[in-house]
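In: need a structure here:
(chains A and B)
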Amino acid sequence: MGALTSLAMRTLHVLTVTVLVGGSAAAWYGYRSGAITDLAAADRFEWLFWTGIGALVLTGVGNLGALGPPGPTTDWGRTLLVKLTLVVVLVCGSAVRTMVVVRAREAARPVADEGRESDGGPDDEGRDSPSSDPHRTVLSKAYGATTGLLLALVVLAEVLAHG
Amino acid sequence: MGESEGRQSSPPPETPAESPAVTAVLGGRLSLSTWALATFDVGLFVLVAVLAGHASGALSDLLGGLNTLVGAAVFCVVWALFVLAVWWVDSRVELSASLWTLALHGFAAGAMAGVAFLLGLVAVLAVPALAEGLALGTATLSAVAGVALFLLVGVAVASLIGGAIGLLVGVLDGLCFRLADRVLAASAGDR
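Out: So this is what the prediction gives:
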């Protein structure tokens, strides 16, 4: 039972990272190339991203508990320290990025809403979503940095798993 | 702390962009900023605790005695409490309010969350054991009084610890909001 739980935790951890890396890379490419032209996509991804971060923290701590990490003075311990610090940087930077998306939507909404009634429901977001044009550069940079940090964390995770 | 203070005026209110699942739970009033900031807060809270534990070399002992499923359940409860606390603050003040206002509301929400966590722990751990003891006649009234005294002191301690965490979280959330505005202003200046 314990081994099965640990396996489930590790699987969920890896799957969540896969979704976050893929999602942020797609958002970076979409905003950089202009393939994504509204803020609704960023808004949707942020919901997914933070749900994923919650799952990552949960499963990450679960993995540490199952492994029984060695002290901070070992090579493994030092790598873990760097990884945890990078995760803190990722989480803090992502909070600001999400607030940028929220504030950009707030700023764009009155213009987008002009002349139409809106119930603000989820189905309403895809249509007439505020354009991301004024914020494309900042969003592509933010998602690019997120992708870079996530990839660095994947490399550190590989070092921790396989040396 | 009441409604009279109202939500401080600021740019037009965000049209909520809600996930259907969480909308069903909180009646359509959970916004992206609430979900994101609450998860940011709980994530940072746990990460800082793990970092401190690892740096001091105590992490292995701390996590070693914890069952994985119990740990996951506790994390989910704490996550839910953070969401409720941030939602409570967001429904009363805008993030553009002064950091002092956010800190005070954060303290109140954190104190309530701390007490709720303690009461949950007591309900899960102490109450069933006490009820069974009373039914079997092995628990005395002094044991009940002991639990009551523990609750009295525990509520005070839990509200203080929760309040202190809530205060920090309120300030952090406010800072994220201000930093995002600066990023957008700088981005607008570059164009």
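In: helix or strand right after the helix or strand of chain A with the lowest mean pLDDT?
Out: Every helix and strand in chain A was compared by mean pLDDT, DSSP states H and E; the lowest is helix A:123-126, with a mean of 45. Using DSSP states H and E, the helix or strand that directly follows helix A:123-126 along the chain is helix A:136-162.
In: what does stretch A:53-63 rub up against?
Out: Here stretch A:53-63 makes contact (CB atoms under 8 Å, 6 or more residues apart in numbering or on different chains) with A:5-6, A:9-10, A:12-13, A:16-17, A:20, A:87, A:91, A:94, B:39-40, B:42-43, B:46-47, B:50, B:63, B:68, B:71-72, B:75-76, B:79. Every residue, glycine included, has its C-beta placed from N, CA and C.
In: Out of the residues you listed, which end up buried?
Out: Those of the contacts of stretch A:53-63 that meet the buried threshold are A:6, A:9-10, A:12-13, A:16-17, A:20, A:87, A:91, A:94, B:39-40, B:42-43, B:46-47, B:50, B:63, B:68, B:71-72, B:75, B:79, by 16 or more other CB atoms under 10 Å in any protein chain shown.
In: all helices of chain A, in order?
Out: A:2-33, A:40-67, A:75-113, A:123-126, A:136-162 (DSSP state H).
In: Just give me the longest helix of chain B.
Out: Max-length helix for chain B by DSSP H is helix B:141-190.
In: angle of it against helix A:136-162?
Out: Angle between the axes of helix B:141-190 and helix A:136-162 is 130 degrees (criterion: axes from the mean of the first three to the mean of the last three CA atoms, to 10 degrees).
In: any idea how far the most centrally placed residue in chain B lies from residue B:51?
Out: By CA atoms, centre = their mean, the mean C-alpha position of chain B lies nearest to residue B:82, the distance being 2.9 Å. With distances taken as CB to CB, to the nearest Å, residue B:82 is found 18 Å from residue B:51.
In: for residue A:82, same thing?
Out: 11 Å.
In: the more surrounded of these two?
Out: The neighbour comparison of residue A:82 against residue B:51 (other CB atoms under 10 Å in any protein chain shown) goes to residue B:51, with 18 against 14.
In: low-scoring pLDDT stretches of chain A, where are they?
Out: Filtered on pLDDT under 70, chain A yields the residue ranges A:1, A:110-132.
In: do the helix or strand containing residue B:47 and chain A meet at all?
Out: According to DSSP H and E, residue B:47 maps onto helix B:32-56. Yes. Applying CB under 8 Å from any CB of the partner chain, one finds helix B:32-56 touching chain A at B:32-33, B:35-37, B:39-40, B:42-44, B:46-48, B:50-51, B:54-56.
In: Same check on stretch B:173-188?
Out: Yes. Stretch B:173-188 comes into contact with chain A (CB under 8 Å from any CB), by way of B:176-177, B:179-181, B:183-184, B:187-188.
In: which of those residues tops the neighbour count?
Out: In terms of neighbours by other CB under 10 Å, these top out with residue B:176 at 26 neighbours.
In: shouldn't that one be in contact with residue A:99?
Out: Yes. Contact criterion CB atoms under 8 Å: residue B:176 and residue A:99 qualify, at 5.1 Å.
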